[in-house]
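Trainee: Sequence and predicted structure, then a few things I'm wondering about:
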Amino acid sequence: MMRMSFELEPKIYSAYPIAYDSILKKITEDFHLSESRKGIHMSDCIYCLRKVYYNQTNYLSPTPKEVKYFVRGIALQDAILQKEPIPIEKDGIIFSPDYWDGKELLELKTTTMGRKRMDEGNFPKGWIKQIAAYCYALGISHGYLLVFILNDYSNDILPPYRLEFSEKELLDNWNEIVYNKSILEDSLKGGKLPLKTEEDWLCNDCRYALRCKHDEEVRND
């Protein structure tokens, strides 16, 4: 019997299934994304201080896009490292390296940036500050960055990079983080919004963007 040749031509259009909201809700609940985390964390002191302030004082649940990024990071972390990060604290700052066995520090990142940029060491400043802060807090001088380039289908799916710092670099970076922590604490205690971050690119997908813009206008009046 001859096989018939045919093509499927379904009607395709954007639509949300009934289960869509339920799935997002379950993810949000399972990972406690509908509530602000307690304490001041390392990443709080590296990126936008205003977002941390809003998270602590008038929290908004993450957008579906933020949930997607979060799930992507957690899924990759579980698949590759297969280890739950253990929170550590230094100088009142909480941090959770993706992998630390007492000898080696590994931090996992996902990106759509090109391999060429990665090989040139042109990493986002936040990545470098984060690893430097981990190194200082753990008493080591270097750490490894494992980058999963999402649009790279070559054999080298997970290129590792070693970042080594001088004592001065580690201390200067840590002092800046501690300084930002003090700003956050003063802002939270006094109910006063921190100064606007210089990293405006963070505003693009921020759930607090409209609120922040309004508050900035009020501040400048």
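Mentor: Here it is on my side, so go on. Residues are numbered from 1 along each chain as shown.
Trainee: What are the contacting residues of the worst-scoring helix or strand of the chain on mean pLDDT?
Mentor: In the chain, the helix or strand scored least confidently by mean pLDDT, DSSP states H and E is helix 64-80, which has a mean of 73. Residues outside helix 64-80 that contact it (Cβ atoms under 8 Å, 6 or more residues apart in numbering): 24, 27-28, 31, 33, 62, 85, 98, 108, 110, 146, 148, 158, 205, 207. Glycine gets a C-beta too; all of them are placed from N, C-alpha and C.
Trainee: Next: stretch 171-184.
Mentor: Contacts of stretch 171-184 (Cβ under 8 Å, 6+ apart): 40, 42, 44-46, 49, 52-53, 91-93, 129, 132-133, 136-137, 165, 194.
Trainee: what about 10 Å?
Mentor: 40-47, 49-50, 52-53, 56, 90-93, 95, 128-133, 135-137, 165-166, 194-195 (Cβ atoms under 10 Å, 6 or more residues apart in numbering).
Trainee: I'd like the distance from it to the chain centre, please.
Mentor: Mean-position distance between stretch 171-184 and its chain equals 18 Å (Cα atoms, centre = their mean, to the nearest Å).
Trainee: Just the buried positions in that stretch, please.
Mentor: Residues of stretch 171-184 classed as buried by neighbour count (16 or more other Cβ atoms under 10 Å): 173-174, 177, 180-181, 184.
Trainee: May I have it as CSV, with CA atoms only?
Mentor: Extracted in CSV, the C-alpha atoms of stretch 171-184 (Å, rounded to 0.1, in the frame of the first residue of the first chain):
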residue,chain,number,x,y,z
LEU,A,171,38.6,44.4,49.3
ASP,A,172,37.4,47.4,47.2
ASN,A,173,34.5,45.4,45.7
TRP,A,174,33.5,44.2,49.2
ASN,A,175,33.6,47.7,50.7
GLU,A,176,31.3,48.9,47.9
ILE,A,177,28.9,46.1,48.7
VAL,A,178,28.9,46.9,52.4
TYR,A,179,28.4,50.6,51.6
ASN,A,180,25.4,49.7,49.4
LYS,A,181,24.1,47.6,52.3
SER,A,182,24.3,50.6,54.6
ILE,A,183,22.4,52.7,52.1
LEU,A,184,19.7,50.1,51.9
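Trainee: Rounded mean pLDDT for that stretch, please.
Mentor: Mean pLDDT, stretch 171-184: 96.
Trainee: next one: stretch 5-15
Mentor: pLDDT averaged over stretch 5-15 gives 82.
Trainee: Likewise for stretch 48-63?
Mentor: 89.
Trainee: same question, stretch 98-115
Mentor: Mean predicted lDDT for stretch 98-115 stands at 88.
Trainee: that older thread, which other helices and strands does the helix or strand that the least confident helix or strand of the chain is followed by contact?
Mentor: Sequence-wise, the next helix or strand downstream of helix 64-80 (DSSP states H and E) is strand 88-90. Helices and strands touching strand 88-90, as assessed by 3 or more Cβ pairs under 10 Å, 6 or more residues apart in numbering; DSSP states H and E, comprise strand 93-95, helix 125-138, helix 167-190.
Trainee: who does residue 146 bridge with?
Mentor: Beta-bridge pairing of residue 146 under DSSP bridges involves residue 108, residue 160.
Trainee: And for it, the neighbour number?
Mentor: For residue 146, the tally of surrounding residues (other Cβ atoms under 10 Å) stands at 18.
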